[in-house]
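S.K.: Structure of the sequence below:
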Amino acid sequence: MDTPVHVEQSDGVQIITINRPEVRNAINTETAVAVAAALDELDARDDLVAGVITGAGKTFCTGMDLKAFLAGERPSVEGRGFAGITEKSPAKPLVAAVEGHAVAGGFEIVLACDLIVASETAVFGLPEVKRGLLAGGGGLLRLPRRVPHQLAVEWCLTGEYFSAQTAYEAKLLNRLVPEGQALTEAIALAKTIAKNGPLALRATKQIIAQARDWSNEEEFERMREIYEPVRSSADAKEGALAFKEKREPVWQGR
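M.R.: Residues are numbered from 1 along each chain as shown. Here you go, the predicted structure:
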């Protein structure tokens, strides 16, 4: 892999690898653009249902490439944010596979994903306050939604790192696996997801993401707006027919 981001496909899953191990997979502009392009491809291709993002070598990502930043680069993509992901994740489910450090902007990439698989030796943290900065890539917004409030406040204000075991106990992780197994487990999880109806998956993710902004009075009506087109789709009929005929469904994405 000689590109800053390596992309491959397997059984309906797009596997995106940040490939800058020599700088602990720190993000420069070229890398951010490549991640955004891979996510655009994930959403655009009908044969892809879910994605996995990981880092090459023994580190997930340590955030922004400071040398590139000092040279005048801004490792963001218009409309998608830092690393091409933090302001807009894909419409399809995305799993983070974490080995080693996922800190600063690297942790914000993880938090932009729907599910997280990490090895027992993974390390997380938002150390920006230690440098007089803020975690402006979504960490301050997403972390309090993913773990108990007091833990999020402590981690954000101290800037201290915390272990994968602590993250797992805080219910931040979906899977905690032995060192070196995060990607394998994340791909397996993504492939399990990818067996399901693609329209239903996208709509499910959309409802989960948007529902926090809906009032009690409007939530069911807003949900129906997303749900009804899926319910009347060819895929919904195929799912029922496959169940009746005791076979695997053949999804068409329509």
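S.K.: ok, now which ones touch residue 12?
M.R.: Contacts for residue 12 (Cβ atoms under 8 Å, 6 or more residues apart in numbering) come out as 47-50, 191, 194-195. For the C-beta atoms, the positions are set from N, CA and C on the backbone; glycine is no exception.
S.K.: roughly how far apart are it and residue 73?
M.R.: Counting by Cβ to Cβ, to the nearest Å, the gap from residue 12 to residue 73 is 34 Å.
S.K.: Now do residue 174: how many residues are near it, please.
M.R.: Using other Cβ atoms under 10 Å, residue 174 has 17 other residues around it.
S.K.: what's the closest non-adjacent residue to it?
M.R.: Take residue 174 and drop its neighbours on the chain: the residue closest to it by Cβ to Cβ, 6 or more residues apart in numbering is residue 115, 4.6 Å away.
S.K.: since we're on the one you found, how many residues are nearby?
M.R.: Residues near residue 115, counting by other Cβ under 10 Å, number 18.
S.K.: do you know how far it is from residue 95?
M.R.: According to Cβ to Cβ, residue 115 stands 5 Å off from residue 95.
S.K.: any shared contact partners between those two?
M.R.: Listed contacts common to residue 115 and residue 95 are 174, 186, 189; contacts here mean Cβ under 8 Å, 6+ apart.
S.K.: Out of those residues, flag the one nearest to residue 32.
M.R.: The closest of the shared contacts of residue 115 and residue 95 to residue 32 turns out to be residue 186 (Cβ to Cβ; 21.3 Å).
S.K.: wait, what's in contact with the closest one?
M.R.: 52, 54, 95-97, 115, 117, 175.
S.K.: does it count as helix, strand or coil?
M.R.: At residue 186, secondary structure determined by DSSP: H, G, I helix; E, B strand; the rest coil is helix.
S.K.: Tell me the confidence at it?
M.R.: Residue 186 is assigned a predicted lDDT (pLDDT) of 98.
S.K.: mind checking how far it is from residue 158?
M.R.: When distance is defined by Cβ to Cβ, residue 186 is 29 Å away from residue 158.
S.K.: now do residue 226
M.R.: Distance of residue 226 to residue 158, given as Cβ to Cβ: 39 Å.
S.K.: starting at the chain centroid, how far to stretch 142-157?
M.R.: Mean-position distance between stretch 142-157 and its chain equals 18 Å (Cα atoms, centre = their mean, to the nearest Å).
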